[in-house]
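J.: With the input below, show me the fold.
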Amino acid sequence: GSGSGLGLGLGSGSHLAVSKMVKFGKHLVENMEKEWSEHYMRYGVLKQLLTSGAEDADGDAKEFGQPPSKQLSLSAPTQSGPNLVNGAVTENDFFSALEEDMVRVQRFTKGQMAEIVREINEVEELIFDGSEEYSNGDDRGDTGDKRARLEALAGKFLRLEKYVNLNLTGFDKILKKHDKTFPTPCRGHYLNRLASQPWVRGDYSGVMVSMSRMWEKLRGDRVVQEVKSAAQNFTRRTTKYWVRTEDVTAVKARVLMHLPVFLQESMKGESDAQLVNSIYLDNSSMELYRGRLNKTPGAIALRLRWYGTATPDAGGVDGLVFVERKTHLDKWTGGLSVKQRFALPASRIKELFNGTFDIEKEAIAMRARGKKDAEVESWKELAGEIYQAITSKQLVPTMRTQCYRTAFQIPFDATVRISLDTNLTMVAERTDDAMHVATTGRWFRDPKAKVPAHDITRFPHAILEVKLQLEDGQSIPTWVNDLLDSGLASEVHKYSKFVHGCAVLMTDEVSSVPYWVDDPSLEESIKASKAMKLLEGTRYFRDANAVYSHLLPFKEGYDASKPRGATSTVRIIGGDVDTELGAVGYVWSCLRGDGSVRRFCRRCFGAVRSVGGIDEDTCVDTCFGDEVIATPSHQKVEPKVLFANERTFLHWLQMSASLTGLSSALLAFRDEAHAAHIYAMVLLPVAFIFSCYSVNTWHWRSTRIQQRVVGRWDDAIGPTAMALTLIASLTFTLCVQIHHYRNGTYATKS
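T.: Numbering: from 1, shown residues only. Next comes the predicted model:
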């Protein structure tokens, strides 16, 4: 599937996680839609049947542990329910109740989807019924009503998705309990059945496409002319985020309000996503991997990319494969990372590896097709550099990534582009054919061969990429910031699919791994790929995340079911205070914070706790309420930040040296008739205070920079305190001078 259905994948670690501290039955009741309560699975009843069946079991293996021999048709209910009144409860009673619940959920989901589709068709007719022109931001009259109806439809679709996910999680958990209770497991049998049912496998991406068309009409999006070129260059600023699987539809719904789904010519039907395959190249020393991991200026990544479901030898659209090069440039130096590519027929890709690729011959053919000289020369330069890199570095296919990509973009307008990759899978391509691609001509793994577990890893989250190409003076659109502040996405600085795949699947060939592999949410997928080295800490790799654990997207105690406030920030509003702090884990640190934040926390917490018997969670809820925003974007450190810290340190130290020099001069050249020694003895302690402050502040800020501490890196109190200290000392010396002049204690001398 394309990841556009309502259900989550079962058995892959992507289903909704529930805290071990909270029983699922309670979690289900707290999160269900009240008006739909009778349509949910009966988790409590099924659990009671398991408990009663275990108590009544006499150890007969023929009666217990065997699933029912007759599978239930989803088109009709079961003939009888469990007998809870008379006689012993058997395992078949549990299976009968389970089948009934599966049918109940399937029927309700089908009915709700039919209603949603009907309402979408109605709204679509209203929007496209005439020649009315719309414009972005116009909410007057009928247009505002249409927008409101469209938003309500999106909300209803999200509620249905939550309903499906809760029931899927419930079925999974009750089947786990069954397998623990009875000797013969049946969880795998039922999970396969669930995965094949329409309400789980249904592809509802057509709903998103319809909503995209309607929002596009209401916004009055302008059309930008496509510019085609043989050599394509993309310069952009890209930020990557992880999105939990259960939040994918919510993210899509938010983006659709501002950008349409970009339906490429290769996309058939009403799907909002397209299959994307990429094969990354590297050599035996993993040179390109190390360059991308360390973000070395000028580091490149080379890949072969094709779109659609065709096999690699057939290529993507029109049998074409894109040969792409990504070059990393440090933003702080004024450079932007660049992606460049050109297309080749899939049958000719092997020429790049066996040394038979004739650039001049291809250039002549391009001119014969009417290409301009400038375009041909640009293509020759790019193709020549890539060909030379493959040959000189002895690059071979190393890692494949595959995902379903949904692109949001006003056609051919690169100002704001957003892509969402779901069902992300990485596969190691270091097969015998790939290692000897120059002689075998096969640059991809045999599609018919089975992939062993240690050669494949399935990433548990979706990847959201926000790509901006803004003109000078143009700011990031407000809606983009609102999306990133919604709590639906967690920023992962410099995340790379290629780097992640190599780190997990090629642990014996890499000497260092990216920081995000320590994120608790990845543990199951890493274990499934047999990459146990990554989970054994410092034995194999230096565990930098012992220091930088707060940079991990989901940190310690990852729990996808927790409210966003548990792993996000809260907005504190008290008087003129409007400051963001980390929740729960960080909230109490505000008591030791700076200025008005500390005062607000102490007043609020003190007032609440004075009642007595109030725990920390209640105190936090009372003081901060439920206004939760996103996980903070982690501070990024560029070399100029370190230099700025050093410059600030030297400026303060220079002030201290100036005061020390002035004091020493007054002491050395003082006149007995003057009170110069008094001035010197006043300024020397001030100089000492300035010196201590400069060293302490430099060390404090360096630590925060090194650890990427979320929060302020400036000192809001120190400079003011230092200025007041200097003013006080100067005022004192002025008073002493005035006193001596009035009393005539000494004669005035220059």
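J.: What is the host helix or strand of residue 155 packed up against?
T.: Using DSSP states H and E, residue 155 falls within helix 141-181. Packed against helix 141-181 by the contact rule (3 or more CB pairs under 8 Å, 6 or more residues apart in numbering; DSSP states H and E) you find helix 24-31, helix 43-56, helix 91-127, helix 187-196, helix 198-201, helix 205-219, helix 248-256. Quick note: C-beta positions are derived from backbone N, CA and C, even for glycine.
J.: name the helices or strands packed onto the second one?
T.: Read it as helix 43-56. Secondary elements touching helix 43-56 (3+ CB pairs under 8 Å, 6+ apart): helix 24-31, helix 91-127, helix 141-181.
J.: Give me the distance between the two termini of stretch 469-486.
T.: 22 Å (CA to CA, to the nearest Å).
J.: So which bits of it are buried?
T.: 469, 480, 483-486 (16 or more other CB atoms under 10 Å).
J.: coming back round to it: could you redo the helices and strands packed on helix 43-56 as CSV and give each row distance to residue 344, mean pLDDT and mean neighbour count?
T.: Listed next are the helices and strands packed on helix 43-56 as CSV, based on distance: least, CB to CB, whole Å; pLDDT from 0 to 100; neighbours: other CB atoms under 10 Å:
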stretch, distance to residue 344, mean pLDDT, mean neighbour count
helix 24-31, 51, 85, 15
helix 91-127, 41, 89, 18
helix 141-181, 41, 85, 18
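J.: Need the ones you listed in TSV (columns: distance to residue 259).
T.: Output for these, formatted as TSV (distance: least, CB to CB, whole Å):
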stretch	distance to residue 259
helix 24-31	30
helix 91-127	17
helix 141-181	14
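J.: for those helices, which one sits closest to residue 217?
T.: Nearest of the helices and strands packed on helix 43-56 to residue 217, taken as CB to CB: helix 91-127 at 5.3 Å.
J.: closest to residue 252 among the buried residues of stretch 469-486?
T.: Nearest to residue 252 out of the buried residues of stretch 469-486 is residue 483 (CB to CB; 10.9 Å).
J.: separation between the residue nearest to that closest one when sequence neighbours are not counted and residue 422?
T.: Spatial nearest neighbour of residue 483, excluding adjacent residues (CB to CB, 6 or more residues apart in numbering): residue 254 at 5.4 Å. Counting by CB to CB, to the nearest Å, the gap from residue 254 to residue 422 is 16 Å.
J.: Comparing those two, which residue is more hemmed in?
T.: Neighbours per residue, other CB atoms under 10 Å: of residue 254 and residue 422, the larger number sits with residue 422, 21 against 18.
J.: Quick check on the more buried one: phi, psi?
T.: Residue 422 adopts backbone torsions of phi -120, psi 170, taken as degrees, to the nearest 10.
J.: My guess is it contacts residue 462. True?
T.: Yes. Counting by CB atoms under 8 Å, residue 422 does reach residue 462; the two are 4.6 Å apart.
J.: Out of the buried residues of stretch 469-486, which is nearest to residue 512?
T.: Residue 512 has its nearest neighbour among those in residue 484, at 29.0 Å by CB to CB.
J.: What pLDDT is listed against the closest one?
T.: Looking at residue 484, its pLDDT stands at 83.
J.: who touches the closest residue in space to residue 494 that isn't next to it in sequence in this structure?
T.: Among residues not flanking residue 494 along the chain, residue 295 sits closest, at 6.3 Å (CB to CB, 6+ apart). Residue 295 sits next to 328, 330, 494 when contact means CB atoms under 8 Å, 6 or more residues apart in numbering.
J.: Can you tell me which of the residues you listed comes closest to residue 213?
T.: Taking CB to CB as the measure, residue 213 lies nearest residue 494 of the contacts of residue 295, at 35.1 Å.
J.: angle of the helix holding residue 155 against helix 43-56?
T.: Calculated by axes from the mean of the first three to the mean of the last three CA atoms, to 10 degrees, helix 141-181 forms an angle of 10 degrees with helix 43-56.
J.: before we move on, back to that, including distance to residue 389, could the helices and strands packed on helix 141-181 go into a markdown table?
T.: Formatted as a markdown table, those follow (distance: least, CB to CB, whole Å):
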| stretch | distance to residue 389 |
| --- | --- |
| helix 24-31 | 52 |
| helix 43-56 | 57 |
| helix 91-127 | 49 |
| helix 187-196 | 43 |
| helix 198-201 | 43 |
| helix 205-219 | 38 |
| helix 248-256 | 36 |
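J.: For residue 351, find the nearest of these.
T.: Taking the helices and strands packed on helix 141-181 one by one with CB to CB, helix 205-219 is closest: 37.0 Å.
J.: how about the strands in the stretch 251-400 of the chain?
T.: Per DSSP state E, counting those that start in this stretch, the stretch 251-400 of the chain carries strands over the ranges 274-282, 300-307, 320-327, 338-345, 396-408.
J.: Which helix or strand in the protein has the lowest average pLDDT?
T.: None of the helices or strands of the chain scores lower by mean pLDDT, DSSP states H and E than strand 569-574, at a mean of 31.
J.: separation between residue 100 and residue 106?
T.: Taken as CB to CB, the span from residue 100 to residue 106 is 11 Å.
J.: let me fix that: residue 305
T.: Taking CB to CB, one finds residue 305 at 38 Å from residue 106.
J.: Same question for residue 271.
T.: Distance from residue 271 to residue 106, by CB to CB: 23 Å.
J.: Poorly predicted segments of the stretch 351-500 of the chain, please.
T.: Regions of the stretch 351-500 of the chain meeting the criterion pLDDT under 70 cover residues 412, 433-434, 471-473.
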